[in-house]
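Novice: Build the 3D model from these lines:
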Amino acid sequence: MINMLVTSKIDVKSNEKPDESGGDMTKKVALISGCSSGIGEDIALTLADNNWHVYAGVRKQEDFDSLSNKHENLMPIFLDVTNPHHIKDCTALLTEKSLSLDILINNAGIAFGGPIEITPMDDWRSVYDVNVFGLVELTSAMLPFVRRAKGRIINISSISGLVASPFMSIYASSKFAIEAFSDSLRREVMPLGVKVCVIEPGPIKTKIWDKGVDKSAEKLDGLTDDLKDAYSESGNKFKSAIDDAVATALPVSATTKAIYDACTNANPRTRYIISKNKRIIQLLRLLPDRWADKLILSMR
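Specialist: The predicted structure is shown next:
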């Protein structure tokens, strides 16, 4: 039920543009998944500060409560992208309020890695359920509202969706899927006046990396002797590389700035790479595979 989804903190009846004579401005509407912390929370507050009505998706009651009083333009909603009932409730909420959707930001995601040989299929399914299938289902459900506004869909991918590192097969392949999905979607909805942008951050100071590193470390610690012989050396190099990347990660504001441009620029880019190593990433995508392999392995 809708009253289980949100409180009636924001009352928006339409997205009609304001009268130029100085009357109250009717705000644009944004829906963002994964707003409990990090990038999602930061862009939600940034848009709210700039006079947008923001529906901020969270999964836990404590996150709902935390966001409830942070801004008058921000409304938390329960939105687990792997829960079809949450998506249906979200659709019902927008329908009840006769809203169109100016911006949909697909930010919810999880990350961890490890050797393919020891990674159970349940881990693959968990990552794909959030990073791919949840994103697709929410996008599909929200498209009628975005089309009505001739709005924008912004998908949070990763540099791992451009260059796949060893021991990052689950996360990287899920982000490669988002890249392809976004390309197809962009070409489908472009004639309808809808824009699609992809945000491709490198390491950013968010909780997603803390959780991912912990889970990956557990995998490496639990290897059998045979697997340790096979993977310990390269696995430890991988862990060191991740630790270094986390230590030198960019602030969340670097990603927020790019997302805000994608939301507001009259001619946004189709892709925004956010990384200190942007030129290296672009080079790796141009090199022959054997050269790229050597370069990636030498960087660990």
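Novice: so after the longest helix seen in the chain, what's the next helix or strand?
Specialist: The longest helix of the chain (DSSP state H) is helix 225-247. Heading C-terminal from helix 225-247, the first helix or strand you meet, by DSSP states H and E, is helix 252-264.
Novice: List the buried residues in the next helix or strand along the chain from that next one.
Specialist: For helix 252-264, the following helix or strand on the C-terminal side (DSSP H and E) is strand 271-274. Going by neighbour count (16 or more other C-beta atoms under 10 Å), the buried part of strand 271-274 is 271-274. Where you see a C-beta, it was placed from the backbone N, CA and C, and this is true even at glycine.
Novice: helices or strands next to strand 271-274 in the packing?
Specialist: Where contact means 3 or more C-beta pairs under 8 Å, 6 or more residues apart in numbering; DSSP states H and E, strand 271-274 is packed against strand 195-201, helix 252-264.
Novice: For the residue most central in space within the chain, give me the pLDDT.
Specialist: With distances taken as C-alpha atoms, centre = their mean, the residue of the chain nearest its centroid is residue 107 (2.4 Å). Here, the pLDDT recorded for residue 107 equals 98.
Novice: The one 5 residues further on now?
Specialist: Confidence per residue is given as pLDDT, and for residue 112 that number is 82.
Novice: what ranges of the stretch 201-300 of the chain fall below the confidence cut-off?
Specialist: For the stretch 201-300 of the chain, the stretches flagged by pLDDT under 70 are 208-223, 241, 245, 300.
Novice: just the strands in the chain please.
Specialist: For the chain, strands defined by DSSP state E occupy the ranges 29-32, 53-58, 74-78, 103-106, 152-156, 195-201, 271-274.
Novice: Just put these in TSV and tack on distance to residue 117.
Specialist: What follows is the strands of the chain, written out as TSV (distance: least, C-beta to C-beta, whole Å):
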stretch	distance to residue 117
strand 29-32	37
strand 53-58	35
strand 74-78	37
strand 103-106	31
strand 152-156	29
strand 195-201	28
strand 271-274	31
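Novice: what's around the residue lying closest to residue 136 once chain neighbours are set aside, how many residues?
Specialist: Closest residue to residue 136 apart from its sequence neighbours, by C-beta to C-beta, 6 or more residues apart in numbering: residue 181 at 6.5 Å. Neighbour count of residue 181, defined by other C-beta atoms under 10 Å: 19.
Novice: likewise residue 125?
Specialist: Applying other C-beta under 10 Å, I find that residue 125 has 12 neighbouring residues.
Novice: So for it, what's the pLDDT?
Specialist: The model reports residue 125 with a pLDDT of 96.
Novice: any idea how far it lies from residue 119?
Specialist: Distance from residue 125 to residue 119, counting by C-beta to C-beta, to the nearest Å: 11 Å.
Novice: same thing with residue 65?
Specialist: Residue 65 is 35 Å from residue 119, by C-beta to C-beta.
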